[in-house]
Structure formats: structure tokens, C-alpha cells
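[1] How does the following fold in three dimensions:
(chains A and B, ligands or ions: 1)
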Amino acid sequence: MIDIWTILRFLHVLGAIVWVGGQLTITVVVLPPVRRALAAADRADVLRAVGKRFAIITFTTFLPVQLTTGILLAGRHGVTWASLLQPGYGRMLATKLLLFAVVMAAASVHGVAQAKGQPGTARAASITALIGSLGVVLLATGLVEGSAS
Amino acid sequence: MTQFVDLAPPPARAEGAGRRPGPRGPVFVWANVVVLGWLTVAVGLLAAHQLLGLPGWVALHALLLGAATNAIVIWSEHFVVTLCRVPGPPPRRLALGLTALNLFVVTTIVGVTIDITALAGVGGTGVAAIAAVHTVHLLRLRKASLPGRFGYLIGFYAAASAALVAVAVLGAGLAIGAADWYARLWAAHVHLALLGWIGLSVLGTLFTLWPTTTGTRITAGGLKAARRALPTLTAGLLLAVGGMLTANVWVTVAGLACYAAGTVLVIVPLRPAGRISGPAAWMLAAATGWVAIAVLLDATRLVLAGSVDALPEIVGTVMPVLAVGFTAQVLVGALTQLLPVVLGRGPAEHKAVAGILARGWQLRTVAANVAVPLVAAGLPEPLPRIGWALAGLSAATFVTLALRVAVPVARRGALDLEPGPQPPRGTTTGVLAGLIVVVVATALATSGRNSPAPTTVSGAEHTVEVTLGGMRILPGTIDVPAGSRLVLRVTNQDAMVHDLRLDTGEHTPRLARGETALLDVGPVSGDRQAWCDVAGHRAAGMKLSIRVQGGHQHTPATPDSENGTAAVPGLDLAADPSPGWVPRDATLAPSTGTVHRIELRVGERDVEVAPGRRERRWTFGGTTPGPTLRGKVGDRFEITLVNDTAMGHGIDFHAGALAPDGPMRTLAPGERLVYRFTAQRAGAWLYHCSTMPMSQHIANGMYGAVIIDPPGLPAVDREYVLVGSQLYLGDPGSDSQVAKIRAGQPDGWMFNGTAAQYDHAPLVARTRERVRIWVVNAGPGDTTSFHVVGAQFDTLYKEGGWLLRPTDTAGGAQALDLAPAQGGFVELTFPEPGHYPFVDHDMRHAENGAHGSITVTEHP
Ligand SMILES: [Cu+2]
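    Got it, this is the predicted structure:
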């Protein structure tokens, strides 16, 4: 049955798909040909433009949507502050949020390093963010399993 | 007098017409690939040993005996040849020696793992022989040539390989069985391997490797210190090992202190003048630091304990420090420094290789060193798990990088310098950082043993102290005025884990002994119930009633899905087994070896308990009954029990006699325990879970047999073992199942964990063959009367005594009767071909599953 909660869950999952899928696509699909085909100066321009666009989407759409739907869904699930510390569902959710914060921090480091022209640090941060996001998805999958049983 | 050390020697003899101008030709490159291969195996086993059901020390031996030993042999020989200007062995002999060494190492590890003493003995002897040859060879070099200023190196390496001989000898002793000497031999074995073979080799090499790594000069002072350090180190090691073998704590401590002093003698002249930089230098420095820390820790804890009896536990802490902090790190550091010289031709290639090997090194080094305290400090899970994961990731990253360079060089003799586009900088660091973050998060997320922060309660309310213990909740009833707010302060006083759950679903976390948690019931308007939610505990009596004074409202009992009382459909013994069902092999193999090591993991599995009927069961080693152990009187058993489930379990071996307090304690989820006993008496013994309520743990599958042969037991043509037990259907610990167990009303009876299984998969025999059938009654409650239809027993052995022997020609036996936990065997020969049913002759048992069949064919 489709109700408002279905829509909220859909938005939450859709946000995650766009964010993680976007990072994967950029790192695995877009960057290698860009690096091969373009000269150093053009390459930097393209990468900066892509990074900026991704950051804008993140801050204007992804984060607000994820936070709103996430908080509403947690409330619906009966999650309280105290339960976040308890083993099982609460702790997994708390760790997922923590990991998500780390991913956001890594993404920010990526932006700063890119702007300062430190490609090594920028790349390390972006890969960290990408793998971290996959970890967030893994934990989220664990949460679905945990709530079903 | 100072000089720079060039570790790259002139090209070796002109074999292969200079195809590889790197040091020592292709054999040497391959030898380094083998080292990397062992490192890969070690990391792989570290990650997968639980999955494969292998003990953890197999991974440790892949690291120490595989990777480290290969590296030491090839590089020590290389340093001696290069620095002491002595002729090296021809490549073919080197290849032959290394191949033999690796074959013996594999033989040893496989032999000990699958407990074939002969294999372990051959492997250990082989390693010892090669080490002895190596020692003699080194000593003869020292005599034959004038090794000059670097002659001390030969001394270090000779002492180290002498230690390896001793390691192998002691290891063989452990594998063969050392009874009461086990703990002493083990401690000596570990110390000789880590501080002797690996420690002396590494410390000796440091005097030349460290200056090369830091780009400083080697000084005459350094060489003098090297010559002085060796006697101190060897004396310390000999003293320590002697102390361990004679169980003298003060000699041991003095030896360790002496060894620590020797380490200081090495470190002081080598201390860096300025800031050290570069991956190899950092790793070597950190690794050397961990040796010093480990030895001091070893000595200090020994002094505090005041007895060598504490050694096994201390070694348990020190060994991870030396394995992860020292051996693995020194191996990676040394290879980071040395591999570029082996794999590259000329400065440009050296630099390229070094660049690849250095990728992500800061993060790798941090991860490896953070891992050391996590794995060694005895912290609660999931921290050790995170530590092992960090160490494994760090080593795996290096191995991946190194193999990517080394394998092409070994195969084609040249470095691939045009391998597509170089990955941009930061890739390795990024991947490693991402993996580390995810691994730590996953471990944290799935951990479940920390108690929550207590919630503070305020206002006018009743707080009631509630204690859990002895399968009771005290008080059992709480009366409160209607409408008042109730908070329970719940304390567990039992060794076993408990919790408390309200009928509305709120519950405390699982509480270990002594832990307390608050449970807020809220305003109470009607009667409420609470119980311990650990499987079976509610049914065993852990219930609490909250009653409203003066009121008579009752909240309707909420149906509880986990503890459902819905009737379980009965058995259909005529049904077909599930597709893919494999019967439990009843064949009993003869015992091998005198030391029996096995890892038993407690798990929860879906098990075929009757044809076509699968139920969740609690298992030792994944099956019910658990694996059958067999040995002789005087054999030593070492069982590592690991609790992989979410509830407490323990184990009790009737085949050994010991104070139950420690070994039979209940293990919390994730805990492990080593249960050691020596079989003093023959018999067919039961083992079972030792956690209360045992009736439920046994009824749900936690039992198995230990067969200790009576002295002089004659060989027979076939031997089978059958463990009898009752079958209680239903979810383990559910109300309905517990009620049946308590009433002694099983749904069926079975041999070897599945009702009627040998009706579907008959045992086999031939006429004129002597067949011995061992029977153990696991219970939990009923007797067994074992009978074979159409046959008579000429031998009957029960509870340690012979009731009938073939020499008693006049009499025969028809049944072997066993009360719960009794065991024995019968022997018989079948008079003619045919189908002989075997039964528990309590016919209620036979007709409800304790039934099987033996197909007897004509002897050819
Ligand atoms: Cu148990």
C-alpha cells in the first residue's frame, strides 16, 4: 500500500541512489576518459566544474531531503536518543549517521583540496568519501534486515 | 672511519648471460615473490580462518614460518655474501634449498592443522635440518674467509638459525604431545621463534639496513656496538628460555631483562640524529620500538604474576605485539627499502618502484601501529576485531602494490614501465582510508555488548530493585498503587547473561554479571508482566508480575511471536529427507596422534532433525552431535571453544577430570576459551553444553562423544559410533518446547541427531566381519537399550568395564543399556547377508525415530 511513508522512504532511497551513484559514475566512468583525453589545464577546469555542480546539488537538494526524510522516518520507527546507544537497530543507525558525517567531512576536504590545487589529497578524500558512502549503504541494508526480523 | 653502505652487489656470476642485472638473478626475484605470496596467504587466512574453520594460529604461522622465514633466509644470505665479500652459492643450489624449505614449511603447517603427527614431524624435522645446514654453512664461511668489518653479521645469523633449529625441535615436541610440559615448551617455542630466529636476524641486519634507509653513514662505533650487542642478546635469550623450561620465574625475568638491554644496545648507536623520513625508516623504527615494548611487557607482567604459570596468558598478549607490531611491520619496512634494488635496473627504475611501494604509506603505518594495542591489550570486542582488520588491510595494501611490480619482473625479467596510465596520486591512500572507515563502522554497528547510558528518572515514582539470578527474578511480584510511575533497577547477579523485557516490548540490554540497567515501566494502570528474554529462561521461571493494588484490570496478554505457544505439527518418519540431505557418517576412524587440537565454534543452524523436517538447533562445530573426538589413554586434548551466538554457552567434557570453575564457565557471545584435559581413563564419554538450563541446551543439540580406547583394544573390521538423544520439536527455548522438555515428553528419539536417519541411509557390513558399535546416550533424560535385531553381541563394554568378552564362550548379550551420559560399545559378527534393524529396544523410542538398519552383504 502506498502512503505518505512510502513516498518518504522512496525519497530517502532515491537521494542515496543519486548521491552514491553520482560519485561512482564520476569516479569510475567520467574521470578516466577525461584524464586521458584532455590537457592538464582543461582537465582541471572540467573537474572543478563537475565538483562544483555536485557540491551545489548536495547542499541544496541532497542534504535537506536526506535529513528531513531521515528524521521523519526515524521518528516513525520509534527511535529515541537513548535507543541510539543500545545494541542492535539503534547502534547500527547511530553508526550509519556517524559514517555519513565522516563521508560529508571527506567530501568537504575534497572540495577544499581541489580549490587549493592539491590533487593528491583531493583524490584521496574523494575515494574515501565514495567507499564510505558504500559503507553507509551497507549499514542501511543491515537496518532494513534488522527491522524486518 | 665511516662509509656508505651500498647494498646492491655487483652482478652475480654470468648465468643467463646477464639477462637480469639485478642482484643475484631471477632466483632472487622469485624468492621475494614467494615472501610476498606467504604474506598474502597470511592476510587471507587472517580474514577467512573462521569461515574455513581453521584455528587462528595457522595465519600466524603463515606470517612467521612462511613469510618471515623465507625473507630472513634469502636476505641474510644476501647480506653476508655482499658485505663480507664471500662467494655466494650457485643460483641452482639456492633455488633448490628454498624450494625444499617451503615444502617443509607447508608440510609442517598442514600436518599440525589437520593433526597428522607424522606430517608435522617430517615438516618440522625438515625445517630444523635446513636451519642446521644453514647454521653450519654460515659458521664455515666465517672460518674460511676473512669477513672483515661486517663479520659480526655472520654471528647474528648463525645464532638466529640455531634458534630456529630449537624452535622446530620444540614445535615437534608440541605436536607429538608433551603432556605436563606443554605450557613450558610452548612458551619457549614462541620466544625462541620471535626473539631468537626473527629478533636476532632483524636486530643484526638493522646495523647496516638502518643507515642505508636513513641515508646516513655507518660508523665504527655502530659496528662495535653490534659486536657487543650479540652476546647480551643471546645470553638473555638462553637465560629466558632456560627459565621457562625449568619453570623458574626469576631466571626468566633476568633473561628477558638481559635481552631488553641488548635491544637498547642496538637502538642507542642507531638513534637518528635528525628527523627520520620515508616509509622504510618509520616502519623499521616503529617495529624496533615494539620489540623493546614487548620484551619489557613480558618481563614486567611476569614479575607481577610471580609465577611462570602466568606465561601462557602473558604470551597471549605479547605475541600479537611481536607479530603485528614487529614482524609484519619490519617485513614490510625492509621490503619497501630492499625491493626497489631487486626489481629495478638503474636509478630511474629504482625510483619508480620505490614510488609505487610508498603509496599510502603514512596511512598504512598509522593503521598497523594503531592495530597493535587494539589486538593485544585485551580490550572488549569489537576493538580487537577492528585491530586485526586494520593490520590486515595495511599489510594487504602493501602486498598488492609489491606484487604488481614484482610478478612482471619475475616472469618477464623486466619492469613494466608503460603499464597504462599511472593512477593519480592519492588513490591508494583514499582506498585504504575508505576501507578503514567502513570496517571500523561495521564492527561498531554490529557490536552488541556495551550497556547503555543509564536514563535519569525524576518525579514522584517508585523505583524498585530487581535482581536476576538462579533462573529467578527477585522479587517475583511487585505491587504498586494504580497510576503510579514505576522504574525497575535491574541487576544481573548471575554468571550467565540475562535481560528483562516488558510485555509492551521495552527491554534492558543483555546484562553480564554485575551489570545494572534501568527499565522505565511508566505509569502503571493495569497488571503487567515481564520476563527474561534469553531463550528458555522465561520458561525456566524467570518471570515477574507487576500488580496494581486495589484494581482488577488485566491487560490482555500480548501474543509473543518469539515465545509462541502455537502447537508444533508432529513427526512424519516416513517422509522423504530434504533434497540434498547428507546423513551423518557414523563411521569412527582410528585415533591418530597423541595431541588432539580442535576448534569448536558454537553456532545456530537449521538442522534436519527428522526426514524432511528442519529445525533451528544450537550446535558445537556446526553439527549435532558435535564432532566425535577419539584418542587413547594419556592423550592430550586441547579444545578451543568459540561462542559465535548471541547467548551464553559453555562446555563440559566428561572424558577429562578437572575443577569445573574455569573451564566449564559460560562464555559470553564472542568469547573464546581453551579447554585442556588429559584423558586418564578409557570409555565412551559424553560432552555437552555446561550452561543452565542444561536440559534445553542438550535437547537443542549441544552434545557429542569422546571415545578413549581401552588399552589393548583390538582392531576390528568396522567401527561405528551412535549418539542417542531425544528430539524436542519447536523453536529452541520457546514456551512449548521448554514445557515438553520439563515434562519429559519428547516428540521423538534419534541416533546421531536425526530421527530414523539410518532407515534412509543404512550402515553397511559384510558377513564374517567383526563390527564394533560405540553408543553414547546424550539424553537429556531417557535411557537407551541398544539392540541389533537378528544378531547377538559377543562383546559388551560399558562405562569403563568389559561385561562380556569373546572368550566368555558360553554367554551372549542382547542389549547395551545406558542411562543418560553413559556410554560403551558392543561387538558382533553377522551370521548371514540381510537387513538387520538396530533399535533402542524401549519400543516407544524405536517406533518414534530411534531406529536404523544395517545392510549386510556376503563377504567376497
Ligand atoms: Cu549452550
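[2] how much space between the residue in the stretch 751-860 of chain B positioned nearest to the ion and residue B:652?
    In the stretch 751-860 of chain B, the residue that lies nearest the ion is residue B:780 (12.0 Å; CB to the ion). C-beta: built from backbone N, CA, C; applies to glycine. According to CB to CB, to the nearest Å, residue B:780 stands 13 Å off from residue B:652.
[3] Those two: who's more crowded?
    Using other CB atoms under 10 Å in any protein chain shown as the criterion, residue B:780 and residue B:652 rank with residue B:780 on top: 23 against 19.
[4] now the closest residue to residue B:657 other than its chain neighbours, what's its secondary structure?
    In space, and not counting its chain neighbours, residue B:657 is closest to residue B:680: 6.4 Å by CB to CB, 6 or more residues apart in numbering or on different chains. Per DSSP: H, G, I helix; E, B strand; the rest coil, the local secondary structure of residue B:680 is coil.
[5] do residue B:837 as well
    Per three-state DSSP, residue B:837 ends up strand.
[6] And it, how close does it get to chain A?
    43 Å (CB to the nearest CB, to the nearest Å).
[7] and the nearest residue to that residue once chain neighbours are set aside, how far is that from residue A:130?
    Nearest residue to residue B:837 in three dimensions, chain neighbours excluded: residue B:789, at 4.4 Å (CB to CB, 6+ apart). To residue A:130, residue B:789 is 68 Å away according to CB to CB.
[8] need the longest helix for chain A.
    helix A:119-148 (DSSP state H).
[9] mind listing what's buried in it?
    Of the residues in helix A:119-148, A:119, A:121-136, A:138-140, A:142-143, A:146 count as buried by neighbour count, 16 or more other CB atoms under 10 Å in any protein chain shown.
[10] Which members of these additionally contact chain B?
    A:119, A:121-132, A:134-135, A:138-139, A:142 (CB under 8 Å from any CB of the partner chain).
[11] Just checking: what are the partner strands of the strand ranked longest in chain B?
    Ranked by residue count under DSSP state E, the longest strand found in chain B is strand B:595-610. If you go by DSSP bridges, strand B:595-610 pairs up with strand B:613-620 (antiparallel), strand B:636-643 (parallel).
[12] check which helix or strand covers the closest residue to residue B:214 other than its chain neighbours.
    Leaving out its chain neighbours, the residue that sits closest to residue B:214 by CB to CB, 6+ apart is residue B:281, at 5.3 Å. Under the criterion of DSSP states H and E, residue B:281 resides in helix B:279-305.
[13] What is that helix packed up against?
    helix B:201-214, helix B:249-270, helix B:311-320, helix B:329-343, helix B:361-376 (3 or more CB pairs under 8 Å, 6 or more residues apart in numbering or on different chains; DSSP states H and E).
[14] Quick check: buried residues in it?
    Those would be B:279-299, B:301-302, for helix B:279-305 by 16+ other CB under 10 Å.
[15] now the helix or strand hosting residue B:244, how far from the centre of its chain.
    Using DSSP H and E, residue B:244 sits within helix B:220-245. Between the centre of helix B:220-245 and the centre of its host chain there is 33 Å, according to CA atoms, centre = their mean, to the nearest Å.
[16] hang on, the earlier thing: against which helices or strands is the longest helix of chain A packed?
    Using 3+ CB pairs under 8 Å, 6+ apart as the test, helix A:119-148 ends up in contact with helix A:4-24, helix A:89-116, helix B:427-446.
[17] so which of these is the most packed in?
    helix B:427-446 (a mean of 22; mean count of other CB atoms under 10 Å in any protein chain shown).
[18] hmm, it in reach of chain A?
    Yes - counting by CB under 8 Å from any CB, chain A is contacted by helix B:427-446 at B:427, B:429-431, B:433-435, B:437-438, B:441-442, B:444-446.
[19] Tell me which other helices or strands that helix touches.
    Short answer (3+ CB pairs under 8 Å, 6+ apart): helix B:427-446 packs on helix A:89-116, helix A:119-148, helix B:361-376, helix B:383-412.
[20] where does residue B:520 fall, helix, sheet strand or coil?
    Assignment for residue B:520 (three-state DSSP): strand.
[21] Adding distance to the ion and pLDDT as columns, could you present the residues of helix B:427-446 next to chain A in CSV?
    Shown next, in CSV, are the residues of helix B:427-446 next to chain A (distance: CB to the ion, whole Å; pLDDT from 0 to 100):
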residue, distance to the ion, pLDDT
B:427, 48, 75
B:429, 46, 80
B:430, 45, 82
B:431, 42, 81
B:433, 41, 83
B:434, 39, 85
B:435, 36, 84
B:437, 36, 82
B:438, 33, 83
B:441, 31, 81
B:442, 27, 78
B:444, 27, 76
B:445, 26, 75
B:446, 22, 70
